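# using only what follows, build the 3D model:
(one chain, ligands or ions: 1)
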Amino acid sequence: MTGNTEWWRTAVIYQIYPRSFADANGDGMGDLAGITSRLPALEQLGIDAIWLSPFYTSPQRDAGYDVADYCDIDPLFGTLADFDVMLTQAHDLGIRVIVDLVPNHTSSEHPWFQAALAAGPGSEERGRYMFREGKGDNGELPPNNWESVFGGGAWTRVTEADGTPGQWYLHLFDTTQPDLDWDNPWVREQFRDILSFWLDRGVDGFRVDVAHGMIKAAGLPDYFPPVEGGSMGGGSATLEPAISTEPPAPAPYWAQDGVHDIYRDWRELLNTYPGDRILAAEAWVDPLSQVAKWVRPDEMHQAFNFAYLETPWNAAALHSVIDASLEAFGAVGAPSTWVLSNHDVVRHASRLALTAENLQGHGIGPKTPGLPDPVVGLRRARAATSLMLALPGSSYLYQGEELGLPEVIDLPDDARQDPTWFRTNHERYGRDGCRVPIPWEANSPSYGFGPSEQSWLPQPTEWADLARDVQIGDPNSTLELYTLALKLRREHNLALGAVEWLDGYGADVAAFRNGDVIVIANTGTEPVDLPGGDILLSSEPLDGRVLPGDTTVWLAA
Ligand code: BGC
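Numbering: from 1, shown residues only. Alright, predicted model coming up:
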């Protein structure tokens, strides 16, 4: 380590979901040229880096998390030349660029999988994936009882070249996303090349998809009790405190020790490149002390803090998850990360006001019980973000949260595209509601998402009022709240600070000092008297020195 000065220890990393960020060519799908055109807006917001969800060649069965060529751009999003322009311009603006790496599975249209299908049982090509014989007299039953995260079984049977029913292949996600066999050295070699391809192009790092799933337990044993299938290993998204202290029995396909060798290997590769290039783990494991294994000094640099994301808006729960995070990541010399929204979860401007349990990945729609009051949701979201951005470490933002966007609940059924929706026979709405193209200009077609009216998911008409150009310059807007928080975070060096808890405000209040800033978050409904000190930021307008419910302030200490 080179001390605690690397950029990623303190960075605010903004997630771009390329399909829904900005569309330059008007086909209704966001693209790389669109991203380039909007980089100045991100610089103005004050973020340090962007993470781009996949833009690789893909049949788009899981919105690009089904990759058919890891070293090219899907024509939907542009070309490698467009990528290079985007990267250069981001770097010129001082913004680092992290790309998404999807190593657990490929698309079923990837040439490796097509070759595996053609080559038949026992071939080297099949050995790159998880092909197995079925059970039952004629191999008609799947090799084990595993279930797909998106619902339904995790195995699909192929038809062999001679037309007979043949082997089964494993897919922890959609049928079109066959799992690679990471015990195969050939697979490891290919991914070293893929990492090098993007590192040579100048990317600052990788967000590693399903970083807890790549190695499966030897013998692929049945999993009891059978997996619910809807969660990536996380728990309730709303009501119960999310941290636990006991590791639950791991499923035979999550968090197997063998994954860590892969990341040690990749870390060595990254270390041969100049600059601080990073690996960030998407590892839905429990508890935080387990997550910290992914960021030991010779492995990855960051891991997403999903325990924080899953914590309800409750002072005691926040206090414990923050302590547990700082302790777990601190114990291995890694910064804690913080995150409230991403492309897989209900946006926090809605999630924090859900009144019934909602499992991660299930999503919400018109028939979901306990739908949120949007006013309460936005108010809590603004307070929750104001708390998060005062914490030491690195924070992730998801595009559109700086506009206060809620989850879109009433998408027409025929517009929904998430495989979860189809694989559960419409029982789970899935994740489309957090993926709707974002509004930039109130009075432009598709609210400035692109030059045409087209938008791959329909945008709610109310989003005109949330467009960036309406919010900019309005001191009470969510956009200005985020911009101010990011500015103060830098000026007060909060990301390198420490949390010192302050008592005396009551059970509904989480209060702490970080350096020369005092943060007070009222998660309850009763107003609380504020102490002295200049008010630096407030998530809602204040009436005197009283902190209303669902509000966070930063005071000069
Ligand atoms: C990504 C999801 C994706 C899944 C399969 C996840 O963790 O974030 O969007 O569907 O991996 O690649």
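
# next one: stretch 96-108 to chain centre, how far?
Using C-alpha atoms, centre = their mean, to the nearest Å, we find the averaged C-alpha position of stretch 96-108 to lie 13 Å away from the chain's own average C-alpha position.

# no, scratch that, I was asking about stretch 298-306
Chain-centre distance of stretch 298-306: 13 Å, with C-alpha atoms, centre = their mean.

# quick one: contacts of it?
The contact list for stretch 298-306 (C-beta atoms under 8 Å, 6 or more residues apart in numbering) reads 6, 8, 205, 208, 211, 234, 242, 260, 263-264, 267, 278-284, 288, 291-295, 325, 329, 334-339, 342, 394, 396. In this view, the C-beta of every residue, glycine as well, is placed from N, C-alpha and C.

# restrict those to those near the ligand?
Contacts with the ligand are made by Glu282 out of the contacts of stretch 298-306, judged by C-beta under 6 Å from any ligand atom.

# now, which of the contacts of stretch 298-306 lie within strands?
Under the assignment DSSP state E, the contacts of stretch 298-306 contribute Gly205, Val208, Ile278, Leu279, Ala280, Ala281, Thr337, Trp338, Val339, Ser394, Tyr396 to strands.

# returning to what we had before: which of the contacts of stretch 298-306 are buried?
Neighbour-count burial (16 or more other C-beta atoms under 10 Å) is assigned, among the contacts of stretch 298-306, to 8, 205, 208, 211, 234, 242, 260, 263, 267, 278-284, 288, 291-295, 325, 329, 334-339, 342, 394, 396.

# what pLDDT does the residue lying closest to Ala510 once chain neighbours are set aside get?
Of all residues not flanking Ala510 in the chain, Ala315 sits nearest, at 4.2 Å (C-beta to C-beta, 6 or more residues apart in numbering). According to the per-residue confidence, Ala315 scores 98 in pLDDT.

# just to check, Ala315 is in contact with Ile520?
No. Counting by C-beta atoms under 8 Å, Ala315 sits too far from Ile520 to count as a contact (10.2 Å).

# residues near the one residue in the chain that gets nearest to the ligand, how many?
In the chain, the residue that lies nearest the ligand is Tyr65 (3.3 Å; C-beta to the nearest ligand atom). Using other C-beta atoms under 10 Å, Tyr65 has 24 other residues around it.

# give me every residue that touches it.
If a contact means C-beta under 8 Å, 6+ apart, then Tyr65 has Ser53, Pro54, Ser58, Asp100, Val102, Phe173, Gln177, Asp209 as its contacts.

# if we go to 7 Å?
Tyr65 is in contact with Pro54, Val102, Asp209, counting by C-beta atoms under 7 Å, 6 or more residues apart in numbering.

# return only those of those found close to the ligand.
Near the ligand, judged by C-beta under 6 Å from any ligand atom, the entries from the contacts of Tyr65 are Val102, Asp209.

# and the contacts of Tyr65 as CSV, adding neighbour count?
CSV is the format used below for the contacts of Tyr65 (neighbours: other C-beta atoms under 10 Å):
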residue, neighbour count
Pro54, 26
Val102, 27
Asp209, 20
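
# a markdown table for the contacts of Tyr65, including pLDDT?
Converted to a markdown table, those look like this (pLDDT from 0 to 100):
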| residue | pLDDT |
| --- | --- |
| Pro54 | 98 |
| Val102 | 98 |
| Asp209 | 98 |
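
# so for Pro247, what's the pLDDT?
pLDDT, read off for Pro247, is 56.

# what of Pro225?
Per-residue confidence (pLDDT) for Pro225: 58.

# okay, strands next: where are they in the stretch 51-200 of the chain?
Per DSSP state E, counting those that start in this stretch, the stretch 51-200 of the chain has strands spanning 56-57, 69-73, 96-101, 131-132, 155-159, 165-170. These are given in chain order.

# kindly reformat the ones you listed as JSON lines containing distance to Pro372, mean neighbour count and mean pLDDT.
JSON lines is the format used below for the strands of the stretch 51-200 of the chain (distance: least, C-beta to C-beta, whole Å; neighbours: other C-beta atoms under 10 Å; pLDDT from 0 to 100):
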{"stretch": "strand 56-57", "distance to Pro372": "34", "mean neighbour count": "22", "mean pLDDT": "98"}
{"stretch": "strand 69-73", "distance to Pro372": "37", "mean neighbour count": "18", "mean pLDDT": "98"}
{"stretch": "strand 96-101", "distance to Pro372": "29", "mean neighbour count": "23", "mean pLDDT": "98"}
{"stretch": "strand 131-132", "distance to Pro372": "43", "mean neighbour count": "21", "mean pLDDT": "98"}
{"stretch": "strand 155-159", "distance to Pro372": "36", "mean neighbour count": "17", "mean pLDDT": "98"}
{"stretch": "strand 165-170", "distance to Pro372": "37", "mean neighbour count": "21", "mean pLDDT": "98"}
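
# what's the closest of the contacts of Tyr65 to Gly497?
Closest approach to Gly497 among the contacts of Tyr65 (C-beta to C-beta): Asp209, at 31.1 Å.

# near the ligand, which residues of the stretch 201-350 of the chain?
Proximity of the stretch 201-350 of the chain to the ligand is assessed by C-beta under 6 Å from any ligand atom, with Asp209, Val210, Met232, Glu282, His343, Asp344 identified as the residues in range.
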